[in-house]
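> Sequence plus predicted model, see below.
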Amino acid sequence: MTDISVRLAEQADRPTLERLWLLFQHDMSEFSGVLPRPDGTFRSDRLHAAFTQADWAPYLVTSGECPVGLAFVRSLTGPTRVLSSFFVVRGVRGTGIGLRAVHEVVAKHPGPWEVAFQERNDAAVGFWRRVASEIAGDAWAEERRAVPGRPDLPPDTWISFTAPATTRD
């Protein structure tokens, strides 16, 4: 399997993450119906927060020298961490890179976690259930929650699990 790196992004990585963000939002537009703004970009509140808010962390996923994904974590100091955004480019989907990247991000922040996805996104449904099972066994939960401010959308599906603290030799 391909070597990957999952590391906390620095300000110098922001242009790369901005481009990955556009790809992510393009993919998600299939489920959200959100169209690009006149300049061809999408809303980027989470991207901005990941770089400016103390309670957030942006991660860059690379394979060799190639950027292949992103992960934005929020509520780092709260009782439950939230994987606010997660994306891997289509060229590496199904290779295990996404699964390995999630494991690495979650392991950096042990404790309770939540992640949301759209039930219409069949690939996400299987992926996130697999993630929860691999990390927490049978000790995970799933619930539907309305999307705040978007009554036109079906509810998001939220998965909750607890990531154990890992011990290092």
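Right, received. Where do you want to start?

> Just give the closest residue to the most centrally placed residue in the chain, not the sequence neighbours.
Most central in the chain under CA atoms, centre = their mean is Phe86, positioned 1.9 Å from the mean C-alpha point. Distances taken as CB to CB, 6 or more residues apart in numbering put Ala71 closest to Phe86, at 4.9 Å, once the chain neighbours are dropped. (C-beta placed from N, C-alpha, C; glycine too.)

> Show me what the strand or helix carrying that neighbour pairs with in its sheet, parallel or antiparallel.
Ala71 is part of strand 66-74, with elements assigned from DSSP states H and E. Paired with strand 66-74 in the same sheet, following DSSP bridges, are strand 57-63 (antiparallel), strand 81-88 (antiparallel).

> Can I get the last one in CSV, CA atoms only?
Spelled out, it's strand 81-88. C-alpha atoms of strand 81-88 as CSV (Å, rounded to 0.1, in the frame of the first residue of the first chain):
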residue,chain,number,x,y,z
ARG,A,81,-14.2,16.3,18.8
VAL,A,82,-15.9,16.8,15.5
LEU,A,83,-14.5,15.7,12.1
SER,A,84,-15.9,18.8,10.4
SER,A,85,-14.6,18.0,6.9
PHE,A,86,-12.8,15.0,5.4
PHE,A,87,-11.9,14.4,1.8
VAL,A,88,-9.6,12.3,-0.3
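
> packing partners for the very next helix or strand once past it?
Next helix or strand after strand 81-88 toward the C-terminus (DSSP H and E): helix 97-107. Helix 97-107 is packed against strand 4-8, strand 57-63, strand 66-74, strand 81-88, helix 122-136, with contacts defined by 3 or more CB pairs under 8 Å, 6 or more residues apart in numbering; DSSP states H and E.

> of these, which approaches Glu18 most closely?
When the helices and strands packed on helix 97-107 are compared for distance to Glu18 using CB to CB, the nearest one is strand 66-74, at 9.9 Å.

> end to end, how far does stretch 89-109 reach?
With CA to CA, to the nearest Å as the measure, stretch 89-109 spans 24 Å from end to end.

> List the buried residues of that stretch.
Buried residues in stretch 89-109, counted by 16 or more other CB atoms under 10 Å: 89, 92, 97-98, 100-102, 104-106, 108-109.

> what's the lowest-pLDDT member of these?
When the buried residues of stretch 89-109 are sorted by pLDDT, the bottom entry is Val92 at 80.
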